[in-house]
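Undergrad: Could you look at this predicted model? Sequence included:
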Amino acid sequence: MLAFGVRRILWVAPILIGVTLILFLLLHVLPGDQARILAGYRQPSDQAMINIKEKLNTEAPLYTQYKDYLISLGRGDLGTSFRNQRPVSSIIAESLPSSLALASFALFLELLIGISAGAWAAIRRDSFFDRMSMVSAAVLIAMPVFLLGLLLQLVFGVRLRWLPVSGLGDGGLNFYILPSLVLALVAAAYLARVTRSSLIDVLSSDYVQAARANGLSSSRVLFVHALKNALPPIVTVAGLHFGFLIGSAVATEVVFNWPGLGHRLFLAVLERDRPLIIGAALVLSTIFIFVNLLVDILNAWLNPLARVDGKQEGLEAKA
Amino acid sequence: MSLLRLESVTLYAPGASGDPIVSDISFEIETDETLALVGQSGAGKTSLALAIMGLWSGKIDGNIFFMDQEMTSLNETAYQELRGRSLALLMQDPLAAINPTLTIGWQLREVLRLRRGLSRQAARKESLGWLKKVGLTPASDLARAYLHQLSGGMAQRAALAIAMACQPRLLIADEPFSALDPLTAASQIDIFKQHRSEIGFSTLLITHNLHLAKELASKVIILKSGKIVEAGRVSSVFTAPSEDYTTQLLAAGLKPGSSK
């Protein structure tokens, strides 16, 4: 288990280097001259272009530029935003915490709603609850996020006046409820379906029957014997969702005017602020990689076969 | 006194109202006796096993008496109390019947602690004892092993240890050797016989193999399409089968312990 964890962590370094390489190449391969964008819309003077190119160091060979890029990354320098001439790292540092908080809150709601609804549907299979929850899951998955957001704003914010419609306000919990609910509901709909099918699979297995035949109580059979086996796909899906909740919450953050990284990224794309886009992409990729690492380690802990890594450690020889 | 008595038991498939899966089954198992229930696949043998364990989800007609207690009207809690402690089930496919995410030792200790009420230390000690008894040595290594580290034969021994750990009065063995190769099956049969004489328990042996029935059981029931076609002592059924179907089964059987 420990060896597996170390091996898996060591894999992070090459993946991260790969990510920086791809992002660096994107920066240079994408159409549009950086210096030209930075110079503004009107035709700049030749001297101004030379100054900008010197500053961006775009005339140096690519590998030198990549080396310099890595060195500045090592110092925590993600470049300077084209639009407001501030360091990208400080812009991200401002907007990432509220995105992380929103994503964590949404993940909590997703796990709560998704696993309990899916598990209940699996236990009471073909019941009214099962059919209703699976139909509503299908509706939620099919519904565009911004539409769901607008509907919730209309009902709970405008009509009932229970919750604030948008923004982070004073950072109070009530500001989190609507946007995280929008994020969580769609993710929970997926998770409920995954939980249901995974648990139905496990509940019909021989070892669950055997656990019941040993006289274990139904709750123990469900929570200890069945759920542990049903969890790996649930953990995998929830882990992927967390990555998406942070980085791809663009629609939700825009609808709710949330001061998060998704919203910032959306504006950066509109403004063609390439250093900010690339910097945000790097931070999001890094988070994604570490969430995946966590998922793999969790799954290895849950499922001994996932630890093996292709190497079978049999005991036949000894017995 | 009979330990288990079935009186015209008829089982229906869950949710279906069609023909019964087995109909009008009556037999008795005495204390320390082994009865073999023989029939082809689909004859309804496993359904009967599940019904006796209280795990049949369809409708049951007739009566099942275990230790003079009527079982078909028993509630789930009362049944839970009997399962494992008095009634144990050994399943056909050992590689499917053991939880793949928990160690063998953990699963043995769970049964010992929750069903026998042993302390942590006592359960640890006794679980190692059971592993030794079924020939899984070194026991301390095997206690830490997961299912994927075991062969089919080892998994069957582990399943036997878990089923026997609470010293049940009746063991229902559902095709216990048919998933194993002939040599492994032969050694498993020896282990099984040895335990039966050491510990002493009744067995309902479910098999499609008449010769295995002859080797292990004293009484035999031949089941065909959910109905009993022949029943009696093993010796008489073997020497003078009264039904064509029994003769066919005898002719089709291979050596003891082998599977078709």
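TA: Arrived safely.
Undergrad: distance between the one helix or strand B:Lys193 maps to and the chain's centre?
TA: Taking DSSP states H and E as the criterion, B:Lys193 maps to helix B:182-199. In terms of CA atoms, centre = their mean, to the nearest Å, the gap separating the centre of helix B:182-199 from the centre of its chain is 14 Å.
Undergrad: Report the rounded mean pLDDT for it.
TA: Here helix B:182-199 scores 85 as its mean pLDDT.
Undergrad: Helix or strand next in line after that helix, which one?
TA: Once the chain leaves helix B:182-199, the next helix or strand it forms, by DSSP H and E, is strand B:202-207.
Undergrad: Can you tell me which residue of chain A sits closest to chain B?
TA: Per CB to the nearest CB, the residue of chain A with the smallest distance to chain B is A:Gly215, at 3.2 Å. C-beta coordinates here come from the backbone N, C-alpha and C atoms, glycine included.
Undergrad: list the contacts for A:Pro232?
TA: A:Pro232 makes contact with A:Asn299, A:Leu302, A:Asn303, A:Ala306 under the criterion CB atoms under 8 Å, 6 or more residues apart in numbering or on different chains.
Undergrad: For burial, what's the neighbour tally of the closest residue to it other than its chain neighbours?
TA: When the adjacent residues along the chain are set aside, A:Pro232 lies closest to A:Asn299, with 4.9 Å between them (CB to CB, 6 or more residues apart in numbering or on different chains). The local packing count at A:Asn299 equals 18, with neighbours defined by other CB atoms under 10 Å in any protein chain shown.
Undergrad: Likewise for A:Phe244?
TA: The number of residues packed around A:Phe244, counting by other CB under 10 Å, is 16.
Undergrad: can I assume it sits in a helix?
TA: Yes: counting by DSSP: H, G, I helix; E, B strand; the rest coil, A:Phe244 is found in a helix.
Undergrad: follow-up on the earlier one: the residue of chain A closest to chain B is in contact with B:Leu89, isn't it?
TA: No: the pair A:Gly215 and B:Leu89 does not pass the contact test of CB atoms under 8 Å, sitting 10.3 Å apart.
Undergrad: the more surrounded of the two?
TA: Using other CB under 10 Å, the more surrounded residue of A:Gly215 and B:Leu89 is B:Leu89, with 26 against 23.
Undergrad: Report the beta-bridge partner residues of that one.
TA: B:Ile172 (DSSP bridges).
Undergrad: How many neighbouring residues does residue 146 have?
TA: In the absence of a named chain, this looks at chain A. Counted by other CB under 10 Å, the residues lying close to A:Phe146 total 15.
Undergrad: Hmm, no, I was thinking of chain B.
TA: 21.
Undergrad: Could you report the distance from it to chain A?
TA: Distance, B:Tyr146 to chain A, using CB to the nearest CB, to the nearest Å: 4 Å.
Undergrad: count of neighbours near the spatially closest residue to that residue that is not a sequence neighbour?
TA: By the measure of CB to CB, 6+ apart, the closest residue to B:Tyr146 outside its immediate chain neighbours is A:Pro304, 4.3 Å from it. Here the count is done by other CB under 10 Å, and A:Pro304 has 19 residues near it.
Undergrad: check contacts around A:Pro304.
TA: With contact taken as CB under 8 Å, 6+ apart, A:Pro304 is in contact with B:Pro100, B:Thr101, B:Tyr146, B:His148.
Undergrad: which one of those is nearest A:Ala230?
TA: B:Thr101 (10.1 Å; CB to CB).
Undergrad: What is the three-state secondary structure of the closest one?
TA: Applying three-state DSSP to B:Thr101 yields a three-state assignment of coil.
Undergrad: Was I right to think it contacts A:Asn303?
TA: Yes: using CB under 8 Å as the test, B:Thr101 is close enough to A:Asn303 to be in contact (5.6 Å).
Undergrad: residues shared between the contacts of these two?
TA: Joint contacts of B:Thr101 and A:Asn303 (CB under 8 Å, 6+ apart) are A:Asn229.
Undergrad: in the helix or strand containing the residue nearest to A:Pro232, what's buried?
TA: Using DSSP H and E, A:Asn299 falls within helix A:274-302. Of the residues in helix A:274-302, those scored as buried under the neighbour-count criterion (16 or more other CB atoms under 10 Å in any protein chain shown) are A:274-285, A:287-289, A:291-293, A:295-302.
Undergrad: And for stretch A:100-115?
TA: Neighbour-count burial for stretch A:100-115, counted by 16+ other CB under 10 Å, picks out A:Leu100, A:Leu102, A:Ala103, A:Phe105, A:Ala106, A:Leu107, A:Leu109, A:Glu110, A:Leu111, A:Ile113, A:Gly114, A:Ile115.
Undergrad: now do stretch B:137-148
TA: Buried residues in stretch B:137-148, defined by neighbour count with 16+ other CB under 10 Å: B:Ala139, B:Leu142, B:Ala143, B:Ala145, B:Tyr146, B:Leu147.
Undergrad: Strands of the stretch 151-260 of chain B, start to end?
TA: Under the criterion DSSP state E, counting those that start in this stretch, the stretch 151-260 of chain B carries strands at the ranges B:170-174, B:202-207, B:219-224, B:227-233.
Undergrad: correct me, but B:Leu147 touches B:Asn99?
TA: Yes: distance between B:Leu147 and B:Asn99: 7.3 Å, which falls inside the contact criterion (CB under 8 Å).
Undergrad: I'd like to know how far A:Ala282 sits from B:Ile52.
TA: Heads up, residue A:282 is Leu, not Ala. Distance of A:Leu282 to B:Ile52, computed by CB to CB, to the nearest Å: 63 Å.
Undergrad: In chain A, where is pLDDT below threshold?
TA: Along chain A, the model assigns pLDDT under 70 to residues A:31-34, A:39-42, A:57-58, A:248, A:308-319.
Undergrad: In terms of position in space, what residue lies nearest the middle of it?
TA: The C-alpha lying nearest the average C-alpha coordinate of chain A belongs to A:Gly243 (CA atoms, centre = their mean; 1.0 Å).
Undergrad: Now for chain B, the helix or strand with the poorest mean pLDDT.
TA: Among the secondary structure pieces of chain B, namely its helices and strands, helix B:244-252 has the lowest mean (mean pLDDT, DSSP states H and E), a mean of 77.
Undergrad: re the thing from before, turn the buried residues of stretch A:100-115 into TSV, including secondary structure.
TA: Converted to TSV, the buried residues of stretch A:100-115 look like this (three-state DSSP):
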residue	secondary structure
A:Leu100	helix
A:Leu102	helix
A:Ala103	helix
A:Phe105	helix
A:Ala106	helix
A:Leu107	helix
A:Leu109	helix
A:Glu110	helix
A:Leu111	helix
A:Ile113	helix
A:Gly114	helix
A:Ile115	helix
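Undergrad: Which members of the residues you listed additionally contact chain B?
TA: Among the buried residues of stretch A:100-115, none lies close to chain B by the criterion of CB under 8 Å from any CB of the partner chain.
Undergrad: For the stretch 1-150 of chain B, which residues score under the pLDDT cut-off?
TA: Short version for the stretch 1-150 of chain B, where the test is pLDDT under 70: B:1, B:16-17.
Undergrad: which residues in the stretch 51-200 of chain B form helices?
TA: Taking DSSP state H, counting those that start in this stretch as the criterion, the stretch 51-200 of chain B carries its helices at B:76-82, B:94-97, B:104-116, B:120-133, B:139-143, B:152-164, B:182-199.
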